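Trainee: only geometry, no sequence info:
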């Protein structure tokens, strides 16, 4: 039996209240769908655009806010299999993208969780072909996810 990962949810953008237990379940469902439940630890951090911008500048060289950033670290310190992942999500960007793409906020957040997890496991979006591959995988995971859980419980505005 594969050990479940340790999942930490950290909401630093106080504009939104998150259902942390539900986000944890969302992460576990996504990991199950992509058959990667055996990782060590995963932290999902929700930030404002102001807080994610310096991270995007430092690690990607882009001086602007972004929707999601992912980092994985291989080290014996973290979890049984030595894998530790961090996903940073901007809830501010999620709100803006809802208006642009006509999506619900819950769907945007779920998409960012999926996107971040896929990055942790080698999916990239730096070229047109890689972006198309990742987009197809995201949509498949989101479709399967929606058959399992009601995304309306992800978060709500304060």
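Mentor: Here it is on my side, so go on. Predicted model, so just to flag it, every value in this text is computed and none were measured.
Trainee: and for stretch 109-120, what are the contacting residues?
Mentor: 23, 26-27, 30-31, 34, 36, 39, 42, 44, 67-70, 72, 85, 87-89, 91, 94, 103, 125, 134, 137-138, 141-142, 145, 151, 154-155 (C-beta atoms under 8 Å, 6 or more residues apart in numbering). Every residue, glycine included, has its C-beta placed from N, CA and C.
Trainee: go on, stretch 51-65?
Mentor: By C-beta under 8 Å, 6+ apart, the surrounding residues in contact with stretch 51-65 are 12-13, 47, 49-50, 66, 69, 71, 88, 90, 92-93.
Trainee: Now that we have those residues, which of them are buried?
Mentor: The neighbour-count test (16 or more other C-beta atoms under 10 Å) marks 13, 47, 49, 66, 69, 88, 90, 92-93 as buried among these.
Trainee: Inside helices: which ones of the residues you listed?
Mentor: Using DSSP state H, the members of those that fall in helices are 49, 92-93.
Trainee: ChimeraX command for the buried members of the contacts of stretch 109-120?
Mentor: Buried residues among those (16+ other C-beta under 10 Å), as a ChimeraX selection:
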select :23,26,27,30,31,34,36,39,42,44,67,68,69,70,72,85,87,88,89,91,94,134,137,138,141,142,145,151,154,155
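Trainee: Return the set of buried residues in the longest helix belonging to the chain.
Mentor: Longest helix in the chain, counting residues (DSSP H): helix 128-148. Residues 134, 137-138, 141-142, 145 are the ones in helix 128-148 that count as buried (16+ other C-beta under 10 Å).
Trainee: show me where the chain has strands.
Mentor: For the chain, the strands defined by DSSP state E occupy 6-11, 16-18, 41-47, 68-74, 83-90, 155-157.
Trainee: Mean pLDDT and distance to residue 107 for those - can I get that in CSV?
Mentor: CSV is the format used below for those (pLDDT from 0 to 100; distance: least, C-beta to C-beta, whole Å):
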stretch, mean pLDDT, distance to residue 107
strand 6-11, 90, 18
strand 16-18, 82, 15
strand 41-47, 92, 16
strand 68-74, 84, 14
strand 83-90, 88, 13
strand 155-157, 43, 11
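Trainee: Using TSV, please lay out the ones you listed together with distance to residue 59.
Mentor: Below are those laid out as TSV (distance: least, C-beta to C-beta, whole Å):
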stretch	distance to residue 59
strand 6-11	18
strand 16-18	24
strand 41-47	14
strand 68-74	7
strand 83-90	10
strand 155-157	25
